[in-house]
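A.B. asks: Just to be clear, the model below is a prediction. Sequence and coordinates:
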Amino acid sequence: MNLWAISDLHISIDVNRRAIERLAPHPEDWLILAGDLGDSEAELALAFELLGPRFAKLIWVPGNHELWTDPRTPGAPRGARRYAALVELAQRHGVTTPEDPYPLWPGGGPKTVIAPLLLLYDYSVRPAEVSREGVIAWAAEAGIVATDERRLDPEPFADIAAWCAHRLELSARRLETIPADARTILVNHYPLRPEDVVLPRKPRYAPWCGTRATADWHRRFRARVVVYGHLHVRASRFADGVHFQEVSLGYARDWDQARGADAYLRRIL
């Protein structure tokens, strides 16, 4: 029995969707989906429908793309209501979400709880000399204009940083209830540590890549592995005895189609 992970499937891209359709079945294994499967509820549902029959269990956290809404669409659920609708969709497909009880890994090794998280970002992953008020203009100097600024609505919170603070508080309280004799696998769309935000092509995109508030969570919550995506820069690092894995597939330019999507599944346990 294996635990696999992948993120950033972006199945709105034709070549990505076809690759997921050809993914080999793993009927005894579990799969972590670390966000950005698609841009709409229909695409998220399609991802679950394609992957659900191939794995014994799916565990999902949302990325920024799933949470996007079109500002020109009046009446559509936004922000926290959008997230709630996505959770309900996932649960209808039998998929574990950050709002469900954390599953205990049934495979070998030490007692391990898998904790899917929605933590968002608060613009704190930025150089010390750049102010919070000036961070968007600083990024724009390098041609970085984040789509989140138009499409990720924080409703009912004042801004995304306030929503992030709320999610940090809720998640920390839940993680503290995990029995002390259990290790964890922490799953989030964004990196937990600022030093893992490595973006060679667009370094000034870092402010949209998590929060400094989680920099010690791998120690605080006894992690064996931290799984994340978002960067489209696959990585495997060790720190403090913890394995940090960026597991994204990415846009068509980010992966080798000749290898197929199977080559981009990352074995976690």
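C.D. replies: Right, received. Where do you want to start? These numbers come from a predicted model, not from an experiment.

A.B. asks: I'd like to know how many residues surround residue 203.
C.D. replies: Each residue near residue 203 was counted by other C-beta atoms under 10 Å, and the total is 13. Using the backbone N, CA and C atoms, a C-beta is placed for each residue, glycine as well.

A.B. asks: quick one: contacts for it?
C.D. replies: Applying C-beta atoms under 8 Å, 6 or more residues apart in numbering, one finds that residue 203 lies in contact with residue 142.

A.B. asks: And it, how far from residue 63?
C.D. replies: Counting by C-beta to C-beta, to the nearest Å, the gap from residue 203 to residue 63 is 20 Å.

A.B. asks: and the longest strand along the chain, which strands flank it?
C.D. replies: Taking residue count as the measure and DSSP state E as the definition, the longest strand of the chain comes out as strand 26-33. Applying DSSP bridges to the sheet, strand 26-33 is found paired with strand 3-6 (parallel), strand 55-60 (parallel).

A.B. asks: could you dump these to TSV with distance to residue 48, mean neighbour count and mean pLDDT?
C.D. replies: As requested, these are exported to TSV (distance: least, C-beta to C-beta, whole Å; neighbours: other C-beta atoms under 10 Å; pLDDT from 0 to 100):
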stretch	distance to residue 48	mean neighbour count	mean pLDDT
strand 3-6	14	22	98
strand 55-60	7	21	98
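
A.B. asks: Now tabulate these in a markdown table and tack on distance to residue 243.
C.D. replies: Formatted as a markdown table, the entries for the strands paired with strand 26-33 read as follows, by distance: least, C-beta to C-beta, whole Å:
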| stretch | distance to residue 243 |
| --- | --- |
| strand 3-6 | 11 |
| strand 55-60 | 17 |
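
A.B. asks: where along this protein do the helices fall?
C.D. replies: 14-21, 41-51, 64-67, 79-92, 135-140, 148-151, 160-175, 217-220 (DSSP state H).

A.B. asks: Give me whichever of those helices is most buried.
C.D. replies: helix 64-67 (a mean of 24; mean count of other C-beta atoms under 10 Å).

A.B. asks: Can you tell me which helices and strands that one packs against?
C.D. replies: Under the contact definition 3 or more C-beta pairs under 8 Å, 6 or more residues apart in numbering; DSSP states H and E, helix 64-67 sits against helix 79-92.

A.B. asks: Please name the residues that touch the nearest residue to residue 146 once chain neighbours are set aside.
C.D. replies: Here the nearest residue to residue 146 in space, its sequence neighbours aside, is residue 208; by C-beta to C-beta, 6 or more residues apart in numbering that works out to 4.9 Å. When contacts are counted by C-beta under 8 Å, 6+ apart, residue 208 is found next to 64, 121, 123, 146, 148.
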